[in-house]
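> Got a predicted structure plus its sequence, pasted below:
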Protein chains: 2
Amino acid sequence: MTKAEETRFLASYNIHNYDIPMVSADAALFTYHEAAIKILLVERQNHPDKGKWGLPGGFVDKQLDQHLEDTVLRKIKEKTGVVPPYIEQLQSFGSAHRDKRDWSVTICFTALISHQSCAPHIDTVSDAAWVPLQKLEQMNLAFDHGAIIELARERLRQKALYSIVPGYALPEKFTLPELQKLHEALIGKPLQKRSFRRRIAAANLLEDTGEKRSEKGPAATLYRLRKNSAEFTFTRNLEE
Amino acid sequence: MTKAEETRFLASYNIHNYDIPMVSADAALFTYHEAAIKILLVERQNHPDKGKWGLPGGFVDKQLDQHLEDTVLRKIKEKTGVVPPYIEQLQSFGSAHRDKRDWSVTICFTALISHQSCAPHIDTVSDAAWVPLQKLEQMNLAFDHGAIIELARERLRQKALYSIVPGYALPEKFTLPELQKLHEALIGKPLQKRSFRRRIAAANLLEDTGEKRSEKGPAATLYRLRKNSAEFTFTRNLEE
DNA sequence: ATAATAGTGTCTTTCAGACATTATCTA
DNA sequence: TAGATAATGTCTGAAAGACACTATTAT
């Protein structure tokens, strides 16, 4: 009875009868390259805010996308050619005013990727670029993307204090001094080498590749992130 | 030039020309009453999943709501008669399958409220009820609301380890033993009284009301949450 | 008086901070 | 050989864990 009723209901349901907001998904994709944290920005080809730079993203495509993540991964792949090893939902932003067209909702994700894995494809795309976070202040970004980046950055800063998630912004193989410099860049102040290493070793978060690399001093060991090391959180933060 | 172009674009833009997902907002509203953590559930009056219980929530109303939070606060007020003192975005869930009607996105919020402040109104509403978390296992909730509650619960458990946010599920005035029991219920194991109190005192998160209350022993001091104590996070977690 | 329990004293344990030291690399 | 820097030794300090103890309330 109720089942048949529901079937009739679903058959007559038409979303176009309702006045509903737009839905898009955007990505704050970070990397670490040449001692700087950078974010991938895209120049808008269409109205509104045409010509301004903003986060890669776009409308959910009900045919192409099964989940919200599919939308954003599709867009990231368009620009970088690859799928990032770390992606996590940041927050959704929705209001009547954030987009001139209509009431709009965007589901935002934070993602991390190595610079090198994007390099081949990104060089062929003219409307996408890695922008150092320090340069953002002078830019007038599309929509509320400036505020979104600010939130993503703050969340990533927190993660640098109690996890090694930032490591996903490095190449597959990296050294401990590199990882520490990245964390320091996110936090904005130097860290104690001893503390930084002690806890990573104790939690067994890295795998020794057996390789070493040297620049201006003794060779540093190359590590890679262990499976699931993104899920690990220390119960005590490093000093802020 | 571009400005006039944009104006023309906006004038001709009609959202109904596009095939877009449904957007709703839902709330996981928790309280603590009679030694149990409870969540507010609502019996669905309409298809789909008619008759099942689920989270309070509904479609974004472009006329009534300016922000996503407005949608969920409007729905909470319908059921409880009041606006909760704590609300925070949890996560958005979106997929082609989670709702039988169509591709659907829901932006979920976690909220906390005292049981007493809801009592007058909720008793007049027949389709809303406080359900102890332990009873949820036997229930077959609407949509993916079971999974959403699970995530909300886990996030709240984490907060119990490094903040006093759970305190918003208590009445305005409460005792330290009450707060500790709530945290213990969320964490699922006993806490050290000394540690629990020491850090709250050191961070000056509570205000002494000057009142006391006694049941089976010496009178306990009644405190209230200080302004902004939800924002405070300890840099070290209690033992899990 | 007794049981219950709010609140405190204080010792131990854990882990981050600080910083010196040693070893190893390039130029 | 000098300067840089990777890696480690080790002491200090801050804050949580453990648990005993005192004080206060209802019955």
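Sure, I can see it. Numbers count the residues shown, from 1 in each chain, chains lettered A, B, ... in the order given.
> Could you list everything A:Q89 pairs with in the sheet?
Residues in a beta bridge with A:Q89, per DSSP bridges, are A:F109.
> For it, give me its contacts.
The contact partners of A:Q89, by CB atoms under 8 Å, 6 or more residues apart in numbering or on different chains, come to A:68, A:107-110, B:91-92. All C-beta atoms are positioned from the backbone trio N, CA, C, and that covers glycine.
> for whichever strand in chain A runs longest, the distance to its chain's centre please.
Counting by DSSP state E, the longest strand found in chain A is strand A:22-33. Strand A:22-33 sits 5 Å away from the centroid of its parent chain (CA atoms, centre = their mean, to the nearest Å).
> Using PDB, write down the CA coordinates of stretch A:20-32.
Below are the C-alpha coordinates for stretch A:20-32, written out as PDB (Å, rounded to 0.1, in the frame of the first residue of the first chain):
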ATOM      1  CA  ILE A  20      16.100  25.300  -5.800                       C
ATOM      2  CA  PRO A  21      19.700  26.600  -5.400                       C
ATOM      3  CA  MET A  22      22.700  25.900  -7.700                       C
ATOM      4  CA  VAL A  23      25.100  23.300  -6.400                       C
ATOM      5  CA  SER A  24      28.800  23.200  -7.200                       C
ATOM      6  CA  ALA A  25      31.900  21.700  -5.700                       C
ATOM      7  CA  ASP A  26      35.300  23.400  -5.400                       C
ATOM      8  CA  ALA A  27      38.800  22.400  -4.500                       C
ATOM      9  CA  ALA A  28      41.500  24.100  -2.500                       C
ATOM     10  CA  LEU A  29      44.400  22.100  -3.900                       C
ATOM     11  CA  PHE A  30      47.700  22.800  -2.200                       C
ATOM     12  CA  THR A  31      51.300  21.800  -3.000                       C
ATOM     13  CA  TYR A  32      54.700  22.700  -1.700                       C
END
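> What average pLDDT does the helix or strand containing A:G210 get?
When elements are assigned from DSSP states H and E, A:G210 belongs to strand A:206-213. Averaging pLDDT along strand A:206-213 yields 97.
> Packing partners of the longest strand of chain A?
Strand A:22-33 sits against strand A:36-43, strand A:57-59, helix A:68-80, strand A:104-112, helix A:115-122, helix A:145-162, with contacts defined as 3 or more CB pairs under 8 Å, 6 or more residues apart in numbering or on different chains; DSSP states H and E.
> What are the contacting residues of the shortest one?
If I follow you right, that is strand A:57-59. Contacts of strand A:57-59 (CB under 8 Å, 6+ apart): A:22-27, A:71-72, A:75, A:106, A:108, B:18, B:20.
> give me the number of residues near the residue of chain A found nearest DNA strand D?
Proximity to DNA strand D, evaluated over chain A using CB to the nearest atom of the strand, is greatest for A:G217 at 2.4 Å. Neighbourhood size, A:G217 [other CB atoms under 10 Å in any protein chain shown]: 7.
> rewinding a little: residues contacting the strand holding A:G210, please?
By CB under 8 Å, 6+ apart, the residues outside strand A:206-213 that reach it are A:164, A:173, A:175-176, A:200, A:219-226, A:229.
> still on that earlier bit, of the helices and strands packed on strand A:22-33, flag the one that's most buried.
strand A:104-112 (a mean of 25; mean count of other CB atoms under 10 Å in any protein chain shown).
> Report the angle between that one and strand B:22-33.
80 degrees (axes from the mean of the first three to the mean of the last three CA atoms, to 10 degrees).
> Quick one: list the elements packing against strand A:104-112.
Against strand A:104-112 (3+ CB pairs under 8 Å, 6+ apart) you get strand A:22-33, helix A:68-80, strand A:86-95, helix A:145-162, strand B:104-112.
> Can you pull the phi and psi angles for A:A129?
Backbone geometry at A:A129, expressed as degrees, to the nearest 10, gives phi -150, psi 150.
> from what I can see it touches A:L29, true?
No: here A:A129 does not reach A:L29: they are 11.7 Å apart, not a contact under CB atoms under 8 Å.
> Give the residues shared as contacts by these two.
Shared contacts of A:A129 and A:L29 (CB under 8 Å, 6+ apart): A:L40.
> what about these two, which has more around it?
More crowded of A:A129 and A:L29, by other CB under 10 Å: A:L29, with 29 against 15.
> and that one, what does it touch?
For A:L29, the contact set (CB under 8 Å, 6+ apart) comprises A:39-40, A:56, A:76, A:80, A:84, A:111-113.
> Give me the buried entries from the contacts of strand A:206-213.
Neighbour counting over the contacts of strand A:206-213 (16 or more other CB atoms under 10 Å in any protein chain shown) leaves A:164, A:173, A:175-176, A:200, A:220-225, A:229 as the buried ones.
> Show me which residues of chain A are close to DNA strand D?
Contact residues (CB under 7 Å from any atom of the strand) of chain A with DNA strand D: A:175-177, A:193-194, A:197, A:212, A:215-221.
> now with 10 Å?
With CB under 10 Å from any atom of the strand as the criterion, chain A comes near DNA strand D at residues A:175-181, A:192-198, A:201, A:208, A:212-223, A:235-236, A:239.
> Now do the end-to-end distance for stretch A:94-111.
20 Å (CA to CA, to the nearest Å).
> what separates that stretch from the chain centre, distance-wise?
The chain centre lies 17 Å from the centre of stretch A:94-111; the measure is CA atoms, centre = their mean.
> DNA strand C is nearest to which of the helices and strands packed on strand A:104-112?
Among the helices and strands packed on strand A:104-112, helix A:145-162 comes nearest to DNA strand C, with 8.9 Å by CB to the nearest atom of the strand.
> Give me the mean pLDDT for that closest one.
98.
> check whether it contacts DNA strand C.
Yes: Helix A:145-162 is in contact with DNA strand C by CB under 10 Å from any atom of the strand, via A:161-162.
> so of the buried ones among the contacts of strand A:206-213, which ones are in strands?
Using DSSP E, the buried ones among the contacts of strand A:206-213 in strands are A:175, A:220-225.
> DNA strand C: which of the residues you listed is nearest?
Lowest distance from DNA strand C to these (CB to the nearest atom of the strand) belongs to A:A220, with 9.0 Å.
> any idea how far the closest one is from A:T175?
Using CB to CB, to the nearest Å, A:A220 is found at 4 Å from A:T175.
> wait, what's in contact with the residue positioned nearest the centre of chain A?
Closest residue to the average C-alpha location of chain A: A:A111 at 2.0 Å, with CA atoms, centre = their mean. With CB under 8 Å, 6+ apart as the criterion, the residues that contact A:A111 are A:27-30, A:72, A:76, A:84, A:86-88.
> Going by distance to chain B, which of those residues wins?
A:E88 (9.9 Å; CB to the nearest CB).
> ok, that closest one touching A:I107?
No: judged on CB under 8 Å, A:E88 makes no contact with A:I107 at a distance of 11.9 Å.
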